[in-house]
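Q: model the structure of this input:
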Amino acid sequence: MELRLIMADPAGNRTAIVRTPVPAELRAETAAKIMKIQELRAEQVGFEAVPRLGGAGRLEMMGGEFCGNAARSFGFLCFSERQAALSAGNSGTSPASEAGGSILIEISGSKGLLRVDCDPRKGTAFSEMPMPERIEYSGEGFPLIISEGIAHMVIEDMEPDSGLIHRMIERCGKRFDAFGLQFLKGNTLIPVVYVGASESLVYESSCGSGSLAAAWYLDSRIRKVEGETDSPATYRFREPGGEIIVHLSPDENGELHGTMGGGISLEEEILLNLPE
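A: Okay, the predicted model is just below:
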């Protein structure tokens, strides 16, 4: 199988974006093969697909899950290509490829379009994020933040523990497309993510949706103590691969909205030959 592929690096959470069409039934198997290629150091795989909602592009993750870092990676790719095309049409004027702006993309696990704000000069991308739908608690009292396409358990003041991780996956994680455990100590976050369709368990370098879940949980605790507030809040998490920034702000109706992002880079497209 010959695949066109671009590697994106959003705060170390290296994401393989497969541009060659791959049938849905082969994506999990294909993703598993890509993640075994050590030179790529891919932590997750997304497959470019035909847009359904009018977005600039659509990305289907390897297990049909949602991924915030993949969303902003794909948005940055689509935006960069759009600006490059505009630059090619500009004769002698300042390159459009250097200008910042926004683009709407689609991704698995999200029912609607997501806006990605891109700044090529700074090398940053921030994605609008689906907000958590509800919170549950495990028998041990760990909060489980449930969102579209993924759920995250926030575990405070503990180091990652293999036994605990596997127990929580068995007890809580297997009913979701993807399940993350976010080990939070102060502003340091260590993410571990399990995807059932590909049976992958990855200690990720950073996790966008996990950062959003942790910020939402911390923020809800603060707002509960201080009472309802219309003040925006920013959370910065130090993760193994870099910093993830989450912005939360209520609208005029008091509904909370969030964006997540930070630094990002794209590598040159490669042609990959996978064994059948």
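Q: what lies in contact with stretch 247-263?
A: 10-11, 68, 72, 117, 123-129, 131, 208-209, 211-212, 215-216, 219, 228-230, 232-235, 242-246 (C-beta atoms under 8 Å, 6 or more residues apart in numbering). Where you see a C-beta, it was placed from the backbone N, CA and C, and this is true even at glycine.
Q: can you give me the buried ones in it?
A: For stretch 247-263, burial by neighbour count (16 or more other C-beta atoms under 10 Å) applies to 247-248, 250, 256, 258-263.
Q: for these, work out which two are farthest apart.
A: Pairwise distances across these (C-beta to C-beta) peak at 26.9 Å, for the pair Pro250 and Gly263.
Q: tell me, how many neighbours does Lys111 end up with?
A: 9 (other C-beta atoms under 10 Å).
Q: and if you look at Tyr137?
A: Using other C-beta under 10 Å: Tyr137 sits among 10 other residues.
Q: show me what contacts it?
A: Counting by C-beta under 8 Å, 6+ apart, Tyr137 has contacts 143-144.
Q: so how far is Cys172 from it?
A: With distances taken as C-beta to C-beta, to the nearest Å, Tyr137 is found 10 Å from Cys172.
Q: quick check: neighbours shared by the two?
A: Leu144.
Q: could you pull out the helices for the stretch 101-250 of the chain?
A: Along the stretch 101-250 of the chain, the stretches classed as helices by DSSP state H, counting those that start in this stretch are 162-171, 208-226.
Q: and the last one, what's buried?
A: Meaning helix 208-226. 208-220, 223.
Q: can you redo these as TSV with pLDDT and distance to Gln44?
A: Formatted as TSV, the buried residues of helix 208-226 follow (pLDDT from 0 to 100; distance: C-beta to C-beta, whole Å):
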residue	pLDDT	distance to Gln44
Gly208	96	11
Ser209	96	11
Gly210	97	12
Ser211	98	15
Leu212	97	16
Ala213	97	17
Ala214	97	19
Ala215	97	21
Trp216	96	21
Tyr217	95	23
Leu218	95	25
Asp219	93	26
Ser220	89	27
Arg223	72	32
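Q: those residues: which two are farthest apart?
A: Every pair of the buried residues of helix 208-226 checked by C-beta to C-beta; the farthest is Gly208 and Arg223, at 22.1 Å.
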